[in-house]
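**Q** Coordinates for the following, if possible.
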Amino acid sequence: MIPTVMATLFQVIVPLSIPVIVGVLLGHFKQLDTKPLLTLTLYYLSPAIIFLQTTIQ
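**A** Numbers count the residues shown, from 1 in each chain. Presented below is the predicted three-dimensional model:
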């Protein structure tokens, strides 16, 4: 059971935490303008994720 839990954590938590850690480090060491990133996410990436999720099923 422990190997299954560890495999799940490695497959789910690690890929999700990598962009968060990179974002925190970039925000700490560089002053980034977040408006273009927010616009990209809101208008392009969110609809793309929704479209992909509806076509996979």
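**Q** CA atoms for contacts and neighbours, from now on please.
**A** Noted.
**Q** so which helix or strand takes in Ile21?
**A** Assigned by DSSP states H and E, Ile21 belongs to helix 2-29.
**Q** Just give me how far that helix sits from the chain centre.
**A** How far helix 2-29 lies from its chain's middle: 9 Å, per Cα atoms, centre = their mean, to the nearest Å.
**Q** Report the buried residues of it.
**A** When burial is assessed from 16 or more other Cα atoms under 10 Å, helix 2-29 yields no buried residues.
**Q** Can you name every helix or strand that it contacts?
**A** The contact analysis (3 or more Cα pairs under 8 Å, 6 or more residues apart in numbering; DSSP states H and E) places helix 2-29 against no helix or strand.
**Q** Can you say which helix or strand has Phe32 in it?
**A** Careful, residue 32 is Leu; it's not Phe. Counting by DSSP H and E, Leu32 is found in no helix or strand.
**Q** quick one: the closest residue to it other than its chain neighbours from Val20, how far?
**A** In this structure, Leu32 finds its nearest non-sequential neighbour in Leu26, 7.8 Å apart by Cα to Cα, 6 or more residues apart in numbering. Using Cα to Cα, to the nearest Å, Leu26 is found at 10 Å from Val20.
**Q** got it, and Gln11?
**A** Per Cα to Cα, Gln11 is found 16 Å from Val20.
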